[in-house]
Each structure stands twice: as C-alpha cells, then as structure tokens.
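> this one's sequence-less:
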Ligand SMILES: C[S@@+](CC[C@H](N)C(=O)[O-])C[C@H]1O[C@@H](n2cnc3c(N)ncnc32)[C@H](O)[C@@H]1O
C-alpha cells in the first residue's frame, strides 16, 4: 500500500468533530487566539517560513513521499508556506485550539491546488502516542515544543511515528543558555541605572521582575508546569542525546529561523544586543523610554556579548532543530 493510501485508511476511522478529525479533546490557548497575529506583529500571511522549512528537507535529503504532520499550527504562520511547498501527498494540520484551526483554515480556499491535500485535526501533542507508527515523512512545528508538558516523551513518540528517512523539524524554540543570559543582563539593569543616576520607575522594575522570574521558571525542572502555557527552555546538546537514543540525528542551526533557508536568504538575527532590546519592547511590552535607557547604559555589556560572537552564530537564544531518522 502507498504511504498516502495507508494515511487515508487511518484517517477514515478517526472520529470527526465540527468537520475536523479529532485525535484529542479541544483545548483553548491561554491567550486570545484572535489577537495572536496582532500581538506578534504578524502582518499578511507570508509563505517564506514554510518554504524555508521545505528547503531544509531537501538539504537534509529527507524522503518526502509520505504525509506531513504540523503540530501547534496556531494562526497558520508556518502552515501558509508549508501547504504551498510540501511536496508529499498529504498535510495534516493540527492544534488543540478550535479557534486556531479555524484561523488557519481562512488562509486557504477549496480551489487552492497545492501538491499536498490538506486535512485538519484537533491534536494535543501529549496524545501523539495515539498516532500510527511509521506514518509521517515530516513532523513540523514552530514555537510549540516549549508548550508541551512532557516534551521528552513527545520526541520519543515522534521518532516512532516517523517513516524511515523522515524528519522532525522544529523552529523558534527558546534555548536555555541564551534566555539565561537575557535574565542575567536584565538583573544587572537596576545597578547600571543607579550608577548612571537614572531613576528606575516602579513599572520598569516590575517588567524586569516579570522577565527574570519567567526565565527562572522556564529554566527550573523541579516545578509543576501543567497550568503554565510556556513551560521550558532547551539545551540543544541534551536534545541531541535524547534523539540519538531513539534513532534521530540532530542538526542544530543556532539563532536561525526557517525563512533564512528560502530566498532572499536574509539572516534575521542581528546580535544579542539587538535581540535583547527588541525582546524588551515587543515581547515584554516595555516603554520605549526605558528600552532607550537600557540601550545607552548597558551598551558596553551588550557590545561585549556581540563581540564574543562576531565569528559564529550565538549566543543560542533560539534556532532551528532538524532531527532526521535513519533510512
Ligand atoms: C506560540 S504558539 C505558535 C503557533 C504557530 N506555530 C506559530 O509559529 O505562530 C504555540 C502553539 O502551540 C499550541 N499548543 C500549546 N500546547 C500544545 C500542546 N500540548 N500540543 C500541541 N499544541 C500545543 C498552541 O495552541 C499554539 O497554537
């Protein structure tokens, strides 16, 4: 039986809900799904993330003759290009949130003719153990692994569900060493302001506490994280070791994003200092005045980190993870 016929036979017996396949009970995202794109500054849909991911599949000689599975599609930021560029026969687009599935569906019309047929399912990654073994050529995710409670078990199950020569590909996941460095720099801001005679407003101090406590929470592994939306930071060497134990070989591209592997191949990461200031303004919602003071009074510290990485990508704040399964 062909990989596609095998896939069709499987999805035919999966229960349906609201017109989607149902592999898990639906669960809403912890923040307003309708506001997601606005909050993350995503403007018009852009195919380059999915196109870059598919270019990586070719670069790593991944066999794409079987179906692809996207986990945690959100509003479709990766899906938009993946649906256009995945060369295999089927693409199963999933999220635990019904609202996110609906938002992603709005990017496509029935008449779109892409190589892969699109299917939608409600799926919580904690349930990937229910997926058939040896089914998927690609399991793709963007900014989703850090939401999954038992991510180690998840990776083991992905290895089982991949076809030989398939790949688990993940982008925009936060790495421990880079985030820990951001937390440490944030901790040093009050003393730097004091030394410069700058008044640290209570609202600014509260934002710094929020950032440093969040980094500590994500770092720690002895806490119950069930109720939190964002949960983990990753160490690429630990993930490589975990992958190795289950037959997956990791290639890690530090500080890279999927879109960088598609034309016009622009690098998106412009150094730690730049990333830190953008993070304060857009991810933490800090006032511009505060961010400007950080830029001035932390200049030497931020430049020092950038100088350490002038010859190679780093520090590891995020990156692209390509796990390939032996053929
Ligand atoms: C930060 S958003 C990323 C969305 C999209 N992939 C993107 O790049 O914009 C995280 C996504 O993971 C999904 N998610 C959260 N927990 C999950 C879980 N346990 N299993 C699968 N997806 C999950 C959320 O519903 C959300 O769509």
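Good, I have the coordinates. If you're wondering where the values come from, they're calculated on a predicted model, not measured in any experiment.
> Please determine how far the nearest residue to residue 200 once chain neighbours are set aside is located from the ligand.
Leaving aside its sequence neighbours, residue 200 sits nearest to residue 193 (CB to CB, 6 or more residues apart in numbering; 4.9 Å). Using the backbone N, CA and C atoms, a C-beta is placed for each residue, glycine as well. Counting by CB to the nearest ligand atom, to the nearest Å, the gap from residue 193 to the ligand is 32 Å.
> which bits of the chain sit near the ligand?
Counting by CB under 6 Å from any ligand atom, the residues of the chain lying close to the ligand are 29, 71-74, 77-78, 95-97, 100, 124-126, 142-144, 147-148.
> ok, residues contacting the helix or strand where residue 155 lies?
In the assignment (DSSP states H and E), residue 155 maps to helix 151-161. Helix 151-161 has contacts (CB atoms under 8 Å, 6 or more residues apart in numbering) with 69, 125-126, 128-129, 131-136, 139, 145, 148, 168, 232, 239, 242-243, 246-248, 323, 325.
> So what's the predicted local confidence for the residue in the stretch 151-300 of the chain positioned nearest to the ligand?
In the stretch 151-300 of the chain, no residue comes nearer to the ligand than residue 172, which is 6.1 Å away by CB to the nearest ligand atom. If you check residue 172, the pLDDT there is 97.
> ok, it - how many residues close by?
For residue 172, the count of nearby residues is 19 (other CB atoms under 10 Å).
> Can you tell me the closest non-neighbouring residue to it?
The nearest residue in space to residue 172 (CB to CB, 6+ apart) is residue 143, at 4.0 Å.
> Check whether that neighbour really touches residue 72, as I assumed.
Yes - the pair residue 143 / residue 72 is scored as a contact, 7.5 Å apart, by CB atoms under 8 Å.
> Between those two, which is the more surrounded one?
Per other CB under 10 Å, whichever of residue 143 and residue 72 has more neighbours is residue 72, with 23 against 18.
> So which of the residues of the chain next to the ligand sit within helices?
Counting by DSSP state H, the part of these found in helices is residue 100.
> ok, of the residues of the chain next to the ligand, which come out buried?
Buried residues within the residues of the chain next to the ligand, defined by neighbour count using 16 or more other CB atoms under 10 Å: 29, 71-74, 77-78, 95-97, 100, 124-126, 142-144, 147-148.
> quick one: the strands in the stretch 201-327 of the chain?
Along the stretch 201-327 of the chain, counting by DSSP state E, counting those that start in this stretch, strands occupy 248-254, 319-325.
> From the contact counts, what lies against the last one?
Just to be clear, that refers to strand 319-325. helix 151-161, strand 162-171, helix 236-245, strand 248-254 (3 or more CB pairs under 8 Å, 6 or more residues apart in numbering; DSSP states H and E).
> what's the most buried one of these?
Among the helices and strands packed on strand 319-325, strand 162-171 has the highest mean neighbour count (mean count of other CB atoms under 10 Å), at a mean of 24.
> Work out the gap between the helix or strand immediately after that strand in the chain and the centre of the chain.
Sequence-wise, the next helix or strand downstream of strand 162-171 (DSSP H and E) is helix 176-195. Relative to its chain's centre, helix 176-195 lies at 24 Å (CA atoms, centre = their mean, to the nearest Å).
> what inclination does helix 176-195 have with respect to helix 236-245?
170 degrees (axes from the mean of the first three to the mean of the last three CA atoms, to 10 degrees).
> Helices along the stretch 201-327 of the chain, start to end?
202-219, 236-245, 272-278, 288-297, 299-308 (DSSP state H, counting those that start in this stretch).
> so what's the nearest residue to residue 106 once chain neighbours are set aside up against?
Nearest residue to residue 106 in three dimensions, chain neighbours excluded: residue 76, at 7.9 Å (CB to CB, 6+ apart). For residue 76, the contacting residues are 45, 103-104, 106-107, by CB under 8 Å, 6+ apart.
> just residue 182 next, same as before
Neighbours of residue 182 in contact, by CB under 8 Å, 6+ apart: 211, 215, 276, 279, 317.
> Recalculate using a threshold of 10 Å.
If a contact means CB atoms under 10 Å, 6 or more residues apart in numbering, then residue 182 has 174, 211-212, 215, 272, 275-276, 279-280, 315, 317 as its contacts.
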